[in-house]
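Chemist: let's see this in three dimensions:
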Amino acid sequence: MNACAPSLVLSIQSHVALGHVGNDAAVFPLQRLGFEVLPVHTVQFSNHTGYGQFRGQVFDAEHIRDVLTGLRERGALARVSAVLSGYLGDAAIGAVILEAVDEIRRDNPAVRYLCDPVMGDVGRGVFVNAAIPDFLRNLALPCANIITPNQFEFELLTASTLNSVADAVRTARQLRGRGPDVIVITSLSTPDIPADQLGTLAVNGEGAWLVSTPRLALHPLPNGMGDVFSATLLARLLAGHALPQALELATATLYALVQKTAEGSRDLPLVAAQEQIIEPQQRYPASPVQGA
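Modeler: Next comes the predicted model:
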């Protein structure tokens, strides 16, 4: 990576003044790993919902489009190497993101779009606008190069139930036929994964790899974990790491940050433990999935 001209990442996500979610979770890791970031905020809240009551404003699609127009007029969009998106307040904002990706691809066909299809999780169920799952399934996925759903979201996207890691690999390969080249499933907990571990599975056209990490007894778990993981994975891929190595590093960073989170905290210690972004203290191997 040229130190004089670092790759430029467009990150379109939420923004909170207090806490680390959305752009507040994604921008700092990208910067620490050497990337310039164009953060475009979809909301401006006092704090994330993990704290309970919050104040602020949800921006509409025209606001996002207007900010992107300003970036285009400055020539910034033509220099973007990757686009990152996460939680969507509504499908109209998602449509603006896809417009931006299409425009950037006209200038740079190699641009990578990582879509974290945030929709829900085990225990909480679906917590997004009712139109979001269909938008992600039918429009965003065919446009994305990389997706990073958790197991709940992956099963929702594919109308499947995963009974084994092999099931996950087969279903991911079927989903690759619809657009995304790289599929990473987080918080994987199938019957063949030991109960005291969680899996993170990556599948591309060359193979499939599983990273297993110990479960951490932390309650509540901090918010923004998926946002940090997706940003770190994207940064490692942009830096030239092969998928298995990027998977190892991103998983190790997130695990270390969770491990260092104070009991009762709603946020990862991104600033206090920022060395874990650069060089995580412990790596867990990305093992090839047998028969994949």
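Chemist: show the average pLDDT along the helix or strand that residue 28 is a member of.
Modeler: Per DSSP states H and E: residue 28 is located in helix 23-32. Mean pLDDT, computed over helix 23-32, is 97.
Chemist: after that helix, which helix or strand is next?
Modeler: Helix 23-32 is succeeded, C-terminally, by strand 36-47 (DSSP H and E).
Chemist: elements contacting that next one?
Modeler: Contacts defined by 3 or more C-beta pairs under 8 Å, 6 or more residues apart in numbering; DSSP states H and E place strand 36-47 against strand 8-18, helix 23-32, strand 56-58, helix 61-73. Every residue, glycine included, has its C-beta placed from N, CA and C.
Chemist: and the contacts of the helix holding residue 28?
Modeler: Here helix 23-32 makes contact (C-beta atoms under 8 Å, 6 or more residues apart in numbering) with 9, 11, 13-16, 37, 39, 41, 84, 86, 224, 227-228, 230-232, 234-235, 253, 268, 270-271, 274, 277-278.
Chemist: so where's this protein uncertain?
Modeler: 1-6, 291-292 (pLDDT under 70).
Chemist: list the buried residues for the helix holding residue 28?
Modeler: Residues 23, 24, 25, 26, 27, 28, 29, 30, 31, 32 are the ones in helix 23-32 that count as buried (16 or more other C-beta atoms under 10 Å).
Chemist: returning to what we had before: of the contacts of helix 23-32, buried ones?
Modeler: The neighbour count (16+ other C-beta under 10 Å) marks 9, 11, 13-16, 37, 39, 41, 84, 86, 224, 227-228, 230-232, 234-235, 253, 268, 270, 277 as buried among these.
Chemist: who wins for proximity to residue 140 among the helices and strands packed on strand 36-47?
Modeler: strand 8-18 (12.0 Å; C-beta to C-beta).
Chemist: on contacts alone, who are the packing partners of the closest one?
Modeler: helix 23-32, strand 36-47, strand 80-85, helix 91-107, helix 225-238.
Chemist: the same query, at a cut-off of 6 Å, please.
Modeler: When contacts are defined as 3 or more C-beta pairs under 6 Å, 6 or more residues apart in numbering; DSSP states H and E, strand 8-18 packs onto helix 23-32, strand 36-47, strand 80-85.
Chemist: alpha carbons of that strand, as CSV, please.
Modeler: Written as CSV, here are the backbone C-alpha positions of strand 8-18 (Å, rounded to 0.1, in the frame of the first residue of the first chain):
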residue,chain,number,x,y,z
LEU,A,8,-10.0,5.4,0.3
VAL,A,9,-13.0,3.7,1.9
LEU,A,10,-16.5,5.0,1.8
SER,A,11,-18.4,3.9,4.9
ILE,A,12,-22.1,4.6,5.0
GLN,A,13,-23.5,3.8,8.4
SER,A,14,-25.0,5.2,11.6
HIS,A,15,-23.3,7.7,13.9
VAL,A,16,-23.6,8.1,17.7
ALA,A,17,-21.9,10.6,19.9
LEU,A,18,-21.6,8.1,22.8
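Chemist: note down every partner strand of that strand and its orientation.
Modeler: With DSSP bridges as the test, strand 8-18 is paired with strand 36-47 (parallel), strand 80-85 (parallel).
Chemist: stretch 112-127: end-to-end distance?
Modeler: One end of stretch 112-127 sits 27 Å from the other (C-alpha to C-alpha, to the nearest Å).
Chemist: mind listing residues that contact that stretch?
Modeler: Under the criterion C-beta atoms under 6 Å, 6 or more residues apart in numbering, residues 82-87, 101, 128, 133, 136, 140, 144-150, 152-153, 156, 226, 230, 234 lie in contact with stretch 112-127.
Chemist: do stretch 140-153 as well
Modeler: Outside stretch 140-153, the residues that reach it (C-beta under 6 Å, 6+ apart) are 98, 101, 112-117, 119-122, 178-188, 230.
Chemist: then stretch 154-165?
Modeler: 119, 137, 168, 171, 175, 185, 190, 192.
Chemist: residues contacting the residue most central in space within the chain?
Modeler: Closest to where the C-alpha atoms of the chain average out (C-alpha atoms, centre = their mean) is residue 230, at 2.9 Å. Residues near residue 230 by C-beta under 6 Å, 6+ apart: 114, 116, 148.
Chemist: any idea how far stretch 203-221 is from the chain center?
Modeler: 14 Å (C-alpha atoms, centre = their mean, to the nearest Å).
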